[in-house]
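A.B. asks: predicted model and sequence follow; I will ask about them next.
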Amino acid sequence: MFGLQRGTRPQGVRISGQTRRRTVDSFPIDFDRSHALAIEKLDLLILKTLGLGPLHGYGIGQRIEQMSGGVFKLTLGALYPALQRLERSGLVTAEWSVSDNNRRARYYTLTAAGRRRLTVQQKAWERTAAAMLRVLKSQ
């Protein structure tokens, strides 16, 4: 799910001269553009991030990684096509501006239609996640 980049077994990780086994929870989830399910959820993550305020593309990826505690890592090859798709759909707008480090960057903003879509998709995802938890925790 979400373009998981995991081996069949946890890999050993060298930390300060010792090798530790990684648990399944410690692997980051990499999004890439080849997984259909990831596209819908990636759009939701981008819309939610832009719901907090306008950001440039790289900043969106960084904020998602930060909010997920490092679990979600977006590749630029997945992020920018998603932003273009959302812009074509009228869910976000983009304009060129100057970034904090005085570089030209394209800033993305959520539109009214994007806010409505975010609300609908977030409710649907919350319902799906709650149902999954009920199933997984059932005895």
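C.D. replies: Nice, I can see it. Numbering: from 1, shown residues only.
A.B. asks: what ranges does the protein have for its strands?
C.D. replies: Under the criterion DSSP state E, strands of the chain are mapped to 12-15, 18-21, 29-31, 55-56, 72-74, 92-98, 104-110.
A.B. asks: now for L86, how many residues are close by?
C.D. replies: Counted by other C-beta atoms under 10 Å, the residues lying close to L86 total 23. From N, CA and C alone the C-beta is placed, and that goes for glycine too.
A.B. asks: now the one 3 residues further on
C.D. replies: As a burial measure, S89 scores 13 neighbours (other C-beta under 10 Å).
A.B. asks: contacts only, for it.
C.D. replies: Neighbour list for S89: A113 [criterion: C-beta atoms under 8 Å, 6 or more residues apart in numbering].
A.B. asks: distance check, it against L83.
C.D. replies: 11 Å (C-beta to C-beta, to the nearest Å).
A.B. asks: give me the angle between whichever helix in the chain runs longest and strand 104-110.
C.D. replies: Ranked by residue count under DSSP state H, the longest helix found in the chain is helix 112-137. Put simply, helix 112-137 runs at 70 degrees to strand 104-110, going by axes from the mean of the first three to the mean of the last three C-alpha atoms, to 10 degrees.
A.B. asks: gap between helix 112-137 and the chain center?
C.D. replies: Offset of helix 112-137 from its chain centre (C-alpha atoms, centre = their mean, to the nearest Å): 15 Å.
A.B. asks: start at 768 instead
C.D. replies: In the new count, where the first residue is 768, that last one comes out as helix 879-904.
A.B. asks: and it, what's buried?
C.D. replies: 881, 884-885, 888 (16 or more other C-beta atoms under 10 Å).
A.B. asks: any chance of the residues you listed in a markdown table, with pLDDT and distance to D867 too?
C.D. replies: Formatted as a markdown table, the buried residues of helix 879-904 follow (pLDDT from 0 to 100; distance: C-beta to C-beta, whole Å):
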| residue | pLDDT | distance to D867 |
| --- | --- | --- |
| G881 | 98 | 24 |
| R884 | 96 | 28 |
| L885 | 97 | 25 |
| Q888 | 93 | 30 |
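A.B. asks: can you redo these as TSV with distance to Y875?
C.D. replies: Formatted as TSV, the buried residues of helix 879-904 follow (distance: C-beta to C-beta, whole Å):
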residue	distance to Y875
G881	10
R884	14
L885	13
Q888	17
